[in-house]
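S.K.: One predicted model, sequence on top.
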There are 2 protein chains.
Amino acid sequence: MRLAEAGASDASRAAATRAMLHASLVGVDSHGVRLTGHYCRMLAGGRLSKDPQLGVDKRGAGSAMVDGADGLGHYAAYKAVEVGMELAREAGVGAVGIKNSSHLGAAGAYALAGAEEGFVTFATTNTDSMVALFDGAQKFHGTNPLAFAAPVPGSRPWLLDMATSSIPLNRVLLHRSLDKALPVGVAATPDGEMTTDPHEADMLLPLGGTDYGYKGAALAGVATLFSALLTGTTLDPDFIPMYGGDDISTPRNMGHFVLVIDPAKFAGRAAFGAAITTYLTALRGSPVREGGRVMAPGDREWEELDRRRAEGIPVDPDTVAFLGL
Amino acid sequence: MRLAEAGASDASRAAATRAMLHASLVGVDSHGVRLTGHYCRMLAGGRLSKDPQLGVDKRGAGSAMVDGADGLGHYAAYKAVEVGMELAREAGVGAVGIKNSSHLGAAGAYALAGAEEGFVTFATTNTDSMVALFDGAQKFHGTNPLAFAAPVPGSRPWLLDMATSSIPLNRVLLHRSLDKALPVGVAATPDGEMTTDPHEADMLLPLGGTDYGYKGAALAGVATLFSALLTGTTLDPDFIPMYGGDDISTPRNMGHFVLVIDPAKFAGRAAFGAAITTYLTALRGSPVREGGRVMAPGDREWEELDRRRAEGIPVDPDTVAFLGL
């Protein structure tokens, strides 16, 4: 079964496929092709519209709202980057909110899409609650990613795509299946007490751990601020569950946010390109601690991409069966 | 000795005083009134211009560069917020880079200035190198703050002002003077090895500590990306030292970046206000772990502000003597 057989329009499944392949190629398998089955089920259930007609409402010379029309979130998010770039070419910046959307996969895909066209790009989304607040005893924020990317002349972009929790939920599930202790400060029991026991772990802790987790929790709030509060969409604890709930027919009205900046309107493209090149050369060439390795954001992902382009994307047996590979 | 006696123009010292009082009132003493002496020395030395004539260069409907004219950084940064708000009222967003600036104190002061006028505001700066990269053995990034603020109807703003290191350098100095061990994962020896010995500690480690510090290092890079690379100003390792160097006559060409967003162009001011109120009510009312307390970003600062408005700002003896209090 593929997205086309599930009835997704050409445009929306092209966007979803592009985003899933990005994630699978850079090693973020949780947001890669294995989600195809989930999306097909949601298209069949009616949560996702098969033929979404996106709306674009320009609100000012640098601002717009994209209406995702309840289709695959990747379609609305890539559209928002396009709209943002169009605004930024004239205004210097494009701030684009997205409403009536759904799961968009890896936020980094959209930051990257802007950077590949020469723009500094920020993309974020809020997601289903699974991270405690600092000192909290409830799943409050999602793993709410912050993704930034910037063009680098003659090279792949600088790319940061980070969850605002220390680890993703998948890591807990993996440790549970291996019966292996979790690192300190990344997960908590239902009472909010930190635990390294993957079987006891009920929720994630924010980046910064038991001492500085107020920073990670606040960064998750930044994602919610831009994605949900500014766009008037669903708050993290109010989402109909992505997985496991009975309701797969009601749209989730997820929001995202994209910011696109044209370096031409600031230092200038040439000066920006020279500066980021100098910066990355200094960073990659800086002294390391024994046994360590210094990398720029994205370096690990681009290495993985080269490896997977050569060797292929590892796909789990369930996904192989589902896709009929 | 005060800033006026040191020759700072009325406008530039009013801005510096406003920013220092913000920091002192919310408890960020390192960026508060105790810096007056430092700024006076830099005004006398010639690093800081006494009568800076700010330049504003509009680059597009949503973008501008502010030239700080080598004056007190607070002056240029508040000006950038004003310019950003003016742009955002029409364009929906204002992205303002700042060049030829200097130390701006607490970045949160500028995020707050926008939020107090009803705008979602982001402010950042890069600063002198003192934080290792993940696995690095060199001071590379500064403590590079990310500050966000958002208006809340009938209440003080949501306010996040965080360093991208776990702790500030002052904390190391305090522990050194008390001969007290540092927390795990916040500081390193000159070889980049994590240490809890404050006497051995030579540099800070990025937020996320020994396991997830690549996230904090990347966030420090975001500050540098917006503040220095986009504006064409000085990279973190290339600053003439703020303190302790011989050169106090050469301007440092520090850059900052401010982003101002008008909720009126997205969900609308009323809907945004309702959403952030709902969000904060849910957050502050959510279950806590035993002995814990859940706070929204800024709550601690506003409590401290109330306390200090009632009880006064604690000032160290050196600063008392310098200010002639």
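M.R.: Looks like it came in fine.
S.K.: Please make it C-alpha for all contacts and neighbour counts, starting now.
M.R.: Will do.
S.K.: As a check, name the ranges of all strands in chain A.
M.R.: Per DSSP state E, chain A carries strands over the ranges A:55-60, A:63-67, A:93-101, A:120-125, A:131-132, A:139-141, A:146-152, A:155-162, A:187-188, A:203-204, A:254-261.
S.K.: which residues sit in contact with whatever residue of the stretch 151-300 of chain A ends up closest to chain B?
M.R.: In the stretch 151-300 of chain A, the residue that lies nearest chain B is A:Val288 (4.2 Å; Cα to the nearest Cα). Residues counted as contacts of A:Val288 (Cα atoms under 8 Å, 6 or more residues apart in numbering or on different chains) are A:Val294, B:Asp135, B:Gly136, B:Ala137, B:Gln138, B:Asp191, B:Gly192.
S.K.: And for the second one, the neighbour number?
M.R.: When counting by other Cα atoms under 10 Å in any protein chain shown, one arrives at 24 neighbours for B:Asp135.
S.K.: One more: A:Gly209?
M.R.: Counted with other Cα under 10 Å, A:Gly209 comes out at 25.
S.K.: show me the contacts for it.
M.R.: A:Gly209 touches A:Ser166, A:Val184, A:Gly185, A:Val186, B:Gly208, counting by Cα under 8 Å, 6+ apart.
S.K.: among these, who's most crowded?
M.R.: B:Gly208 (28 neighbours).
S.K.: quick one: that residue and B:Leu219 touch, right?
M.R.: No: B:Gly208 lies out of contact with B:Leu219 (Cα atoms under 8 Å); the separation is 10.6 Å.
S.K.: Bridged to the closest residue to chain B within the stretch 101-250 of chain A, which residues?
M.R.: Per Cα to the nearest Cα, A:Gly136 is where the stretch 101-250 of chain A lies closest to chain B, at 4.2 Å. For A:Gly136, the beta-bridge partners under DSSP bridges are B:Val288.
S.K.: Now do the contacts for it.
M.R.: A:Gly192, B:Ser286, B:Pro287, B:Val288, B:Arg289, B:Gly292, B:Arg293, B:Val294.
S.K.: got it, and A:Pro198?
M.R.: A:Pro198 is in contact with A:Val172, A:Leu173, A:His175, A:Arg176, A:Asp179, A:Lys180, A:Ala181, A:Leu182, counting by Cα under 8 Å, 6+ apart.
S.K.: Let's see which of the residues you listed end up in helices.
M.R.: A:Val172, A:Leu173, A:His175, A:Arg176 (DSSP state H).
S.K.: count of neighbours near the first one?
M.R.: Translated: A:Val172. Number of residues near A:Val172 (other Cα under 10 Å) recorded here: 25.
S.K.: Next: the second one.
M.R.: Neighbouring residues of A:Leu173 were enumerated by other Cα under 10 Å; the total is 14.
S.K.: so how far is A:Lys50 from the most centrally placed residue in chain A?
M.R.: The residue lying closest to the centre of chain A (Cα atoms, centre = their mean) is A:Ala107, at 2.4 Å. Applying Cα to Cα, to the nearest Å, the value for A:Ala107 to A:Lys50 is 22 Å.
S.K.: And the residue nearest to the centre of chain A, how far from B:Ala163?
M.R.: Separation of A:Ala107 from B:Ala163 (Cα to Cα) stands at 24 Å.
S.K.: again with A:Ala91
M.R.: Counting by Cα to Cα, the gap from A:Ala91 to B:Ala163 is 30 Å.
S.K.: are any of the contacts of A:Gly136 buried, and which?
M.R.: The neighbour-count test (16 or more other Cα atoms under 10 Å in any protein chain shown) marks A:Gly192, B:Ser286, B:Pro287, B:Val288, B:Arg289, B:Val294 as buried among the contacts of A:Gly136.
S.K.: From these, pick the one nearest B:Met65.
M.R.: B:Val294 (38.8 Å; Cα to Cα).
S.K.: How about the contacts made by the closest one?
M.R.: B:Val294 touches A:Leu133, A:Phe134, A:Asp135, A:Gly136, B:Leu283, B:Arg284, B:Ser286, B:Val288, counting by Cα under 8 Å, 6+ apart.
S.K.: Could you double-check that the third one sits in contact with A:Asp191?
M.R.: By that I understand A:Asp135. No: with contact defined as Cα under 8 Å, A:Asp135 does not reach A:Asp191; the gap is 9.9 Å.
S.K.: residues bridging contact with those two, i.e. touching both?
M.R.: Residues touching both A:Asp135 and A:Asp191 (Cα under 8 Å, 6+ apart) are B:Val288, B:Arg289.
S.K.: who touches the helix or strand of chain A with the lowest mean pLDDT?
M.R.: Every helix and strand of chain A was ranked by mean pLDDT, DSSP states H and E. The lowest is helix A:317-323, at a mean of 84. For helix A:317-323, contacts defined as Cα under 8 Å, 6+ apart pick out A:Met1, A:Arg2, A:Val33, A:Arg34, A:Thr36, A:Gly37.
S.K.: Now the last one: closest residue in space that isn't a chain neighbour?
M.R.: Right, the one you point to is A:Gly37. The shortest distance from A:Gly37 to any non-neighbouring residue, by Cα to Cα, 6 or more residues apart in numbering or on different chains, is to A:Phe322 (6.6 Å).
S.K.: The one you found: neighbour count?
M.R.: For A:Phe322, using other Cα under 10 Å, the count is 13.
S.K.: most distant residue from the middle of chain A?
M.R.: What lies farthest from the middle of chain A is A:Glu290; by Cα atoms, centre = their mean that is 32.5 Å.
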